[in-house]
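Asks: when you get a sec, could you give me coordinates for this:
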Amino acid sequence: MGRLFHGVQEALGVLFSRDAIMPWLAGVGLAVLDALLPSPGNKPASIAAIALVIIDMITGIAASARSGKAIESSKAGRTLSKLMAYAAVVAVAGSSTYIVGLTGLQAPLVTLVLGVVIATESLSILENCAALGVSLPTPLKRILRTYLDDQKNRNGQGGA
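Replies: Model prediction:
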């Protein structure tokens, strides 16, 4: 149990270090973008997506620390890239329906995109928790195993 707390302590140290300011700025940028989106119904999903990206980063750093891998600031920068990419996809989903004149589809389309982001980050958090030795319920283990097997199959086919 002491290892887990040590990993969390290291993760928080990296998270609040001078090098990790960019992910925080990205989070603020996404919050501003969310405020500019015309559909207030998407705000809870946007907040959940941002929170899950941050939780994924924290659990990923803790899992790296527990496995003995070096914690690099460049990997924390990956979180910034993820947040910016997610923000771009949400902005395109929201603005494209507005530009085309299908404003009634704007909220459902943005919610769909945010749902994909939430599902992706949730799976990543589960993967990190498993690496930390957290006991997952059997249904979640099955979902995670299926996801990881699909990832292995895709990576294996891509290299052939």
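Asks: can you give me the helices for the chain?
Replies: Counting by DSSP state H, the chain has helices at residues 2-15, 21-36, 43-67, 73-100, 106-131, 138-158.
Asks: quick one: residue 81 and residue 129, what's the gap?
Replies: As judged by CB to CB, to the nearest Å, residue 81 and residue 129 stand 23 Å apart. The C-beta positions use only the backbone N, C-alpha and C, and glycine is treated the same way.
Asks: which one's more surrounded, the two?
Replies: residue 129 (17 against 12; other CB atoms under 10 Å).
Asks: quick one: contacts for the more buried one?
Replies: Contacts for residue 129 were tallied using CB atoms under 8 Å, 6 or more residues apart in numbering; they are 59, 136.
Asks: check it and give its pLDDT.
Replies: Listed pLDDT for residue 129 reads 90.
Asks: and if you look at residue 122?
Replies: Model confidence at residue 122 (pLDDT) stands at 88.
Asks: can you report how many residues neighbour it?
Replies: 16.
Asks: just to revisit the earlier point, which stretch in the helices of the chain has the least confidence?
Replies: helix 2-15 (a mean of 53).
Asks: ok, residue 67 to residue 123 distance?
Replies: Counting by CB to CB, the gap from residue 67 to residue 123 is 19 Å.
Asks: cool, and residue 43?
Replies: 23 Å.
Asks: of those two, give the one with the bigger neighbour count.
Replies: residue 123 (18 against 13).
Asks: which residues sit in contact with the nearest residue in space to residue 113 that is not next to it in sequence?
Replies: Closest residue in space to residue 113, ignoring its immediate chain neighbours: residue 93 at 4.6 Å, by CB to CB, 6 or more residues apart in numbering. By CB under 8 Å, 6+ apart, residue 93 lies in contact with 106, 109-110, 112-113.
Asks: mind doing that once more with 6 Å?
Replies: 109-110, 113 (CB atoms under 6 Å, 6 or more residues apart in numbering).
Asks: which pLDDT does the model give residue 132?
Replies: 90.
Asks: could you measure from the nearest residue to it once chain neighbours are set aside over to residue 97?
Replies: Setting aside the residues directly before and after it, residue 132 is nearest to residue 63 in space (CB to CB, 6+ apart), at 5.3 Å. To residue 97, residue 63 is 38 Å away according to CB to CB.
Asks: can you check residue 124 too?
Replies: Residue 124 is 28 Å from residue 97, by CB to CB.
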